[in-house]
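Colleague: Fold the following and give me the result.
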Amino acid sequence: MKFVLLADNQPALPQVAKWYSDQWGYIGEGRSTKELELKLRDYLNRDKLPLIILAQDGNEVIAAAQLRYHEMDIYPEREYWLGGVYVNSKHRGKGVAQALISAIIDKAKILGVGSINLQTEYLSGGLYRDLGWQPIEQVVNHGINVLVMEKSL
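Modeller: Residues are numbered from 1 along each chain as shown. Down below sits the predicted model:
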């Protein structure tokens, strides 16, 4: 498995947009595959946010995750967020998400980020808890109960 920036594998953008739309399209407007393809063009960065890191098995893109700014309006003081962690269903349960999150953290450190936040529908914290993320609070975002978590780098 190797990690590359979406900026360095732009042909993967439609696949990532489809994954995100299929997984989270129910949340609200602006989440169709076509709309997400346009939005994700803003993530074609290498040395600044927002950016997306892809996990690849050979030439096959198997997962994606985002490092971005200000995901939740209710937390203007929380600048940096992990989001859009998605692993293709046939590659789940193989440690891909954990390795991808580690790659995001490594990139965040290179960019001088001191802490990263996230929101998860797994109110126990799931994998993130196991990886050392600390719960902040449970809130409702877009009508969904989520746990907000933070990891100091």
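
Colleague: can you point me to the longest helix in the protein?
Modeller: For the chain, the helix that runs over the most residues, judged by DSSP state H, is helix 96-110.

Colleague: quick one: contacts of that helix?
Modeller: With CB atoms under 8 Å, 6 or more residues apart in numbering as the test, helix 96-110 has contacts from 1, 3, 51, 53, 55, 62-67, 80, 82, 85, 87, 116, 127-128, 131, 151, 153. (Each C-beta comes from the backbone N, C-alpha and C, glycine too.)

Colleague: Buried only: go through the residues you listed for me.
Modeller: In those, burial by neighbour count holds for 3, 51, 53, 55, 62-67, 80, 82, 85, 87, 116, 128, 151, counting by 16 or more other CB atoms under 10 Å.

Colleague: where's the residue in the chain sticking out farthest from the centre relative to residue 125, distance?
Modeller: Going by CA atoms, centre = their mean, the residue of the chain most distant from its centre is residue 58, 21.3 Å out. Noted for residue 58: a distance of 32 Å to residue 125, by CB to CB, to the nearest Å.

Colleague: Please flag which of the contacts of helix 96-110 sit within strands.
Modeller: 3, 51, 53, 55, 62-67, 80, 82, 85, 87, 116, 151 (DSSP state E).

Colleague: who's in contact with residue 81?
Modeller: Contact analysis of residue 81 by CB under 8 Å, 6+ apart lists 66, 67, 68, 69, 70, 71, 72, 116, 117, 118, 119.

Colleague: let's see it at 7 Å
Modeller: 68, 71, 116, 117, 118 (CB atoms under 7 Å, 6 or more residues apart in numbering).

Colleague: which of those lies closest to residue 45?
Modeller: Distance to residue 45 across these (CB to CB) is lowest for residue 68, with 10.1 Å.
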